[in-house]
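A.B. asks: no letters, just coordinates:
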């Protein structure tokens, strides 16, 4: 069985092993694959693994041996799943591997913004504490999380794990969710979307990207938020209208934003969030802890093994 990995570097830049997958067939691994190289590299493959390389209907039509596409991520919008289904090609993803890591990144951003960790560390290294007249100094607002309201847009695995962390901090937790009140623990209260934006001190996005959720964070909803409010996005970049968010930050309509995802990655140099006030950006690394990537590799291997055994798991089509 010929296995081709089109863009393996992100999941495994060299600190993990591909041996589990190599043991399952003749395996060729590419760090990255440009769109024009997909057909050349995938030729003859029965199993094709991709993280962010797009596999469309035209590719599938030109690859008659292809029987299985494994997405090395939870989101699978890089694959035309409808076209795959028509051709009987199995498509799988890697669910829930990074839940704890993403929830951790949500609070890395929240804590950095509330305590201004990065800023004050930089100021100390510039000598401000050494030259201070007092035993301490701070020059930004500092916020305690206890009793603050956090609104979670989506309450799947990551949203729910984020909620449990928030409860540990003594926060009041509200969520937009399809679950009924009876399905929620007493510490999590159900709330509609506009009410979340109006009432919560922190909004954290945990919903999938769909036509309905694309740019759900826009000028209208940002105008509902408190001037002290914080927006966190570790979900999908296009959930946010980035120009509207930059305008809200620069005008003081909201206090700060912490984002790990952008609409285009890598971002274009003119992305308005790169120069927006109080906008803290990490380069899509919430998922990338060593532990999460180890789980990803293990699940990817198990997915192929299940396919070989005729009992595919984690199907998305």
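C.D. replies: On my side now, so go ahead. This structure is a prediction, so every number in the text was calculated from the model and none was measured. Numbering: from 1, shown residues only.
A.B. asks: so which residues of this protein form helices?
C.D. replies: Using DSSP state H, the helices of the chain run over residues 19-22, 38-42, 57-61, 81-86, 99-115, 117-125, 157-168, 193-199, 219-224, 242-250, 290-308.
A.B. asks: residue 284: which of those helices is closest?
C.D. replies: helix 99-115 (10.0 Å; C-beta to C-beta). Yep, even glycine has a C-beta here, placed from its N, CA and C like the rest.
A.B. asks: show me which residues of the closest one are buried.
C.D. replies: 99-110, 112-115 (16 or more other C-beta atoms under 10 Å).
A.B. asks: between those residues, which sits nearest residue 200?
C.D. replies: residue 110 (12.3 Å).
A.B. asks: so the closest one sits against residue 143, correct?
C.D. replies: No. Residue 110 lies out of contact with residue 143 (C-beta atoms under 8 Å); the separation is 9.2 Å.
A.B. asks: and the pLDDT for the residue in the chain sticking out farthest from the centre?
C.D. replies: Distance from the C-alpha centroid of the chain peaks at residue 133, with 43.1 Å (C-alpha atoms, centre = their mean). With respect to pLDDT, residue 133 scores 96.
A.B. asks: what are the ranges of the strands in the stretch 201-317 of the chain?
C.D. replies: 202-205, 230-233, 256-259, 279-281 (DSSP state E, counting those that start in this stretch).
A.B. asks: got those strands as CSV, with mean neighbour count columns?
C.D. replies: Output for these, formatted as CSV (neighbours: other C-beta atoms under 10 Å):
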stretch, mean neighbour count
strand 202-205, 27
strand 230-233, 26
strand 256-259, 25
strand 279-281, 19
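A.B. asks: so where's this protein uncertain?
C.D. replies: Along the chain, the model assigns pLDDT under 70 to no residue.
A.B. asks: domain-wise, how is it divided?
C.D. replies: In the domain annotation for the chain, the residue ranges read 2-97+290-309, 98-281 (the TED database).
A.B. asks: to residue 315, which of those domains lies closest?
C.D. replies: domain 2-97+290-309 (5.7 Å).
A.B. asks: start and end of the closest one, how far apart?
C.D. replies: Taking C-alpha to C-alpha, to the nearest Å, domain 2-97+290-309 runs 16 Å from one end to the other.
A.B. asks: about what we covered before: how about a markdown table for the domains of the chain, with distance to residue 315 added?
C.D. replies: Shown next, in a markdown table, are the domains of the chain (distance: least, C-beta to C-beta, whole Å):
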| stretch | distance to residue 315 |
| --- | --- |
| domain 2-97+290-309 | 6 |
| domain 98-281 | 17 |
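A.B. asks: which stretch among the ones you listed comes nearest residue 317?
C.D. replies: Evaluated with C-beta to C-beta, the domains of the chain place domain 2-97+290-309 nearest to residue 317, the distance being 3.9 Å.
A.B. asks: just how off-centre is the closest one within its chain?
C.D. replies: Computed by C-alpha atoms, centre = their mean, to the nearest Å, the chain-centroid distance of domain 2-97+290-309 equals 19 Å.
A.B. asks: and the residue farthest from the centre of the chain, how far from residue 35?
C.D. replies: Distance, residue 133 to residue 35, by C-beta to C-beta, to the nearest Å: 60 Å.
A.B. asks: now residue 74
C.D. replies: For residue 74, the distance to residue 35 - C-beta to C-beta - is 22 Å.
A.B. asks: of the two, who's got more company?
C.D. replies: residue 74 (21 against 10; other C-beta atoms under 10 Å).
A.B. asks: mind listing what the more buried one touches?
C.D. replies: For residue 74, the contact set (C-beta atoms under 8 Å, 6 or more residues apart in numbering) comprises 93, 94, 95, 96, 97, 98.
A.B. asks: need those in CSV with distance to residue 242 and neighbour count, can you?
C.D. replies: Formatted as CSV, the contacts of residue 74 follow (distance: C-beta to C-beta, whole Å; neighbours: other C-beta atoms under 10 Å):
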residue, distance to residue 242, neighbour count
93, 26, 23
94, 27, 26
95, 28, 15
96, 28, 15
97, 27, 24
98, 23, 25
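A.B. asks: ok, residue 281 - contacts?
C.D. replies: Contacts for residue 281 (C-beta under 8 Å, 6+ apart) come out as 258, 259, 260, 262, 273, 274.
A.B. asks: for burial, what's the neighbour tally of residue 162?
C.D. replies: 28.
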